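Let me see the structure of the following:
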Amino acid sequence: MYPQLVELVERLSGNEHVRIISMQTNGALLNKNLLDNLGKAGLSRINMSIEALDNDLAKSIAGIDSYDIEKILRTAEYIVKNTEIDLLIAPVWLPGINDNEIPKLIEFALKIGAGKKWPALGIQKFLPHKNGRKPAVKVMDWGTFYSQLEEWERKYKTKLVLSPHDFGSHDSKALPRMFKRYEKVKVKVVGPGWMKGEKLAVARDRVLTVVDAGNIPSGKEISVRIERVVDGIYMGR
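Below you'll find the predicted structure:
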């Protein structure tokens, strides 16, 4: 939905410090023209979340009747066969809901040739999140999850138990903290945040999320108290 998505990828691709650009999506808004442009801009990989091949179940999990799994599958195949973008199918395993669909999704990913450079599949264990959807599923323990992945690995002869090494991820030096917790800072509001009442603001060459920001307009300078400074993510109030 971001109107400057292609430009963003293009500029990231031109950054000498960037080697891989991946995008997470359910694929619903992708089309051939956009995919062609993203490929030319330098997008490395698309991690596509597909939870089921069954049409009714796919719509139920997506929570919207307009979700078209057949279109999503055609889009996935187009990515593999007509672009330089790699594809990783990343279903969320919802115990008791889409258990029988996971093997079908493994077979689909392998059939269309996903995973040209990276693993073809990244099966995700469902974890509840306070701001996420809350399906009526029992959270699976990690031992059961990995045991089943290993069984499917043997059956389908493909890698399913993944590690950061599979994606070239490695430890690096953390960026220096630009703020201290409870520090009062003057920031400039630049746009809306993710959740209601949030704004994005800039100070000291960093982006912050400002909560309880109400109807403060973009361009306005305000004072905030820094509440969170974890992993380079800053939140002020």
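
only C-alpha atoms for contact and neighbour calcs from this point on.
Will do.

Span of stretch 162-180 from start to end?
Between the opening and closing residues of stretch 162-180 there is a gap of 35 Å (Cα to Cα, to the nearest Å).

For V185, name its beta-bridge partners.
Beta bridges link V185 to V224, judged by DSSP bridges.

From what I see, it and Y234 are in contact.
No: counting by Cα atoms under 8 Å, V185 sits too far from Y234 to count as a contact (11.7 Å).

Between the two, which contacts overlap?
Common neighbours of V185 and Y234 (criterion: Cα atoms under 8 Å, 6 or more residues apart in numbering): I226.

Settle it for me: which of the two has more neighbours?
Here V185 and Y234 are compared on neighbour count by other Cα atoms under 10 Å; more neighbours surround Y234, at 20 against 16.

Tell me the secondary structure of the more buried one, please.
Put simply, Y234 is strand when judged by DSSP: H, G, I helix; E, B strand; the rest coil.

ok, it - contacts?
Y234 makes contact with F179, V207, L208, T209, I226, E227, R228 under the criterion Cα under 8 Å, 6+ apart.

list the helices and strands the strand or helix carrying the third one packs on?
L208 is part of strand 206-210 when elements are defined by DSSP states H and E. The criterion is 3 or more Cα pairs under 8 Å, 6 or more residues apart in numbering; DSSP states H and E, and the helices and strands that strand 206-210 contacts are strand 199-203, strand 233-236.

And the contacts of it?
Contact with strand 206-210 is made by 178, 193, 198-202, 224, 233-237, as judged by Cα under 8 Å, 6+ apart.

From these, keep the buried residues only.
Buried members of those, counted by 16 or more other Cα atoms under 10 Å: G193, E198, K199, L200, A201, V202, V224, Y234, M235, G236, R237.

Looks like G236 contacts I222 (just checking).
No: using Cα under 8 Å as the test, G236 is too far from I222 to be in contact (10.9 Å).

And the strands in the chain, which stretches?
For the chain, the strands defined by DSSP state E cover 22-25, 45-48, 86-89, 92-93, 124-125, 184-192, 199-203, 206-210, 221-230, 233-236.

Name the stretch among those that sits most buried.
Using mean count of other Cα atoms under 10 Å, the stretch among the strands of the chain with the largest mean neighbour count is strand 86-89, at a mean of 26.

Check the average confidence over it, would you?
Mean per-residue pLDDT for strand 86-89: 98.

All set, thanks.
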